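**Student:** have a look at this fold, sequence not included:
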Ligand code: PLP
C-alpha cells in the first residue's frame, strides 16, 4: 500500500487486497499445503526461484498479509510472523548469531527475553553481556567484543518502563558494526517507529496490544532493510556466504534487502518450525484494525490512573513515563510524543505484603499473567513473571520486590480508578 496513507488507514486497509469478486475480509487459509500442476514448478518454489506457497510451516497467505501490514506500520521492507513473541526474539537473534558469538543486551528487558539470552542461548554457545540502558555510551561501549553480532533492547521495558534512548543504542551498535534489534511490543508502531531513530530490526510480541484482546499468542519480526550486512561479510557469514543447506544460496546476493527475513523464513522456520497458525494471524489482523483507537484510549486512561495513584496517600511511588515527575519523561516526549503505553508500575507504602492484599481486593482488575489487552489487569512480577530471577537480577532489571504492574485497559477510566480506590481503602 502506498506510503502516503496514515497508520489508521494502513491498519484497516493494508495487507489483504482483494481482487474483483474475492472476499472483502482476509480469509483464513486453513491449509497446510498448496496444489501445483507441474512438478517442475514445485521444484522452482523449493529453489526459491519463484514466489509461491507450498507448505504452511514456511509461509501461508493469511500470515503473509498480516506480516505485510505490520511491516508497513513499522516502515520496514520485509516481515514474518512467528508463533510467539519469544520465538520472534529467538529467531531475530539466532538468525545472525551462532555458537561462539556474543550479544549485548539491555538489563531491563522482559524476564522471558532475559532468560532466553542469558541461559538458554548460553547453552547454545552464544554469550550475552547485560548492560544498564541508562549508563553513558562510553560505559556501554566496554561491553562490545570482536565477536559481538547484535544489540538487543526494548523501546519501553516490561515491567521496568525504562524508555530506551534508541539513538544512543543505534549509534553504539553501528559504531561496532552490528545491528540494533528493538522489541517494540509496548509502544507498538502506533506510538513509536524505532527504524526512524536508527534501529535495524524490530520484534513484537503480537500477543499484547496488537492482538489486543488476549486471544492469541504470536510474534513478528520486521527488517528495516537498512543494515548493510555485505559491509561486514566476515561478521555475518550466514547472510553473506552460500547456505549449503539451501542449494548454496547467498541470501544477500539473491534477495538484497529481503535477505534477513528470507533467511529467517527459509532456514530457521524450516528447521525450528515456530509458525503462527493462520487462525491466530486472522485474529491478530482483526486486532490490528483497531490498534490506533485502542492505543489512544490505553494511554489516556493510564495517564489518568497514574495521576490518581501519584496523589494517593498509600502509594509510595509510581512509574509511568507520561508523568512529568518521571525520569524518562523527556525521552518519552522525544520518542513517543503521542503517548507511551497503558502499563504503569507502582509500589505501596505498606510494601510487598500490602501489594498482595490490595491486589486480592480488586474487583474489576484481574490478576493475570498478561499485559496490554482491553481488560485492566494486575500482576506482581517478583512473585510471578520474574520469579526465576534472584534479588540482584531483579534490581538490575528495574523490578523492585514491591512493584505492582498495572495494565490499564480500555474500560471507562472512572470505573478503573474507583476499583483501585476501594482496593486501596481496604489496606492499612
Ligand atoms: N517481549 C515483551 C516486551 C513481552 O512483554 C513479552 C511477553 O510478555 C514477550 C516479548 C514474549 O512474548 P510472548 O509471550 O508472545 O511469547
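**Tutor:** Good, I have the coordinates. Remember, predicted model here, so these are calculated numbers, not experimental data.

**Student:** so for the closest residue to the ligand within the chain, what pLDDT did the model give?
**Tutor:** Closest contact between the chain and the ligand, by CB to the nearest ligand atom, is at residue 85 (2.2 Å). In this view, the C-beta of every residue, glycine as well, is placed from N, C-alpha and C. pLDDT for residue 85: 98.

**Student:** then residue 319?
**Tutor:** In this prediction residue 319 is given a pLDDT of 97.

**Student:** which bits of this structure sit near the ligand?
**Tutor:** Applying CB under 6 Å from any ligand atom, one finds that the chain approaches the ligand through 84-86, 89, 110, 112-113, 154, 158, 183, 185-186, 205, 207, 217, 219.

**Student:** filter the residues you listed down to the ones in strands?
**Tutor:** Secondary structure from DSSP state E places 154, 183, 205, 219 of the residues of the chain next to the ligand in strands.

**Student:** quick one: the strands in the stretch 251-400 of the chain, in order.
**Tutor:** Here the stretch 251-400 of the chain has its strands, by DSSP state E, counting those that start in this stretch, at 315-319, 343-348, 366-367, 377-379.

**Student:** which parts of stretch 302-321 are buried?
**Tutor:** 302-310, 312, 315, 318-321 (16 or more other CB atoms under 10 Å).

**Student:** and that stretch, how far out from the chain middle?
**Tutor:** 26 Å (CA atoms, centre = their mean, to the nearest Å).

**Student:** surely residue 76 is in contact with residue 194?
**Tutor:** No. Look at residue 76 against residue 194 with CB atoms under 8 Å: they stay out of range, at 10.1 Å.

**Student:** more crowded one of these two?
**Tutor:** Using other CB atoms under 10 Å, the more surrounded residue of residue 76 and residue 194 is residue 194, with 30 against 25.

**Student:** I figured that one hits residue 204, correct?
**Tutor:** No. Using CB under 8 Å, residue 194 is not in contact with residue 204, being 10.9 Å away.

**Student:** joint contacts of those two?
**Tutor:** By CB atoms under 8 Å, 6 or more residues apart in numbering, residue 194 and residue 204 have these common neighbours: residue 184.

**Student:** related to what we said a few turns ago, and the ones in strands among the residues of the chain next to the ligand as CSV, adding pLDDT and distance to residue 19?
**Tutor:** Conversion of those to CSV gives the following (pLDDT from 0 to 100; distance: CB to CB, whole Å):
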residue, pLDDT, distance to residue 19
154, 98, 39
183, 98, 36
205, 98, 33
219, 98, 30
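
**Student:** a markdown table for those residues, including neighbour count and distance to residue 238?
**Tutor:** Formatted as a markdown table, those follow (neighbours: other CB atoms under 10 Å; distance: CB to CB, whole Å):
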| residue | neighbour count | distance to residue 238 |
| --- | --- | --- |
| 154 | 27 | 25 |
| 183 | 29 | 22 |
| 205 | 29 | 25 |
| 219 | 27 | 21 |
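
**Student:** between those residues, which is closest to residue 226?
**Tutor:** Closest approach to residue 226 among those (CB to CB): residue 183, at 17.7 Å.

**Student:** what's that closest one in contact with, if anything?
**Tutor:** 85, 89, 109-110, 113, 152-155, 202-205.

**Student:** please redo it, this time with the cut-off set to 10 Å
**Tutor:** Residue 183 makes contact with 85, 88-89, 92, 106, 109-110, 113, 152-158, 164, 194, 201-205, 219, according to CB atoms under 10 Å, 6 or more residues apart in numbering.

**Student:** quick revisit: and of the ones in strands among the residues of the chain next to the ligand, the nearest to residue 365?
**Tutor:** residue 205 (20.9 Å).

**Student:** residue 332: how many residues sit nearby?
**Tutor:** Neighbour tally, residue 332, other CB under 10 Å: 23.

**Student:** so for it, what's the nearest residue that isn't a sequence neighbour?
**Tutor:** Excluding its sequence neighbours, the residue lying closest to residue 332 (CB to CB, 6 or more residues apart in numbering) is residue 321, at 3.8 Å.

**Student:** likewise residue 223?
**Tutor:** Residue 223 sits nearest to residue 260 (CB to CB, 6+ apart), 4.6 Å away.

**Student:** okay, that neighbour and residue 93: tell me how far apart.
**Tutor:** As for residue 260, its distance to residue 93 is 12 Å (criterion: CB to CB, to the nearest Å).

**Student:** now residue 76
**Tutor:** Relative to residue 93, and taking CB to CB, residue 76 is found at 17 Å.
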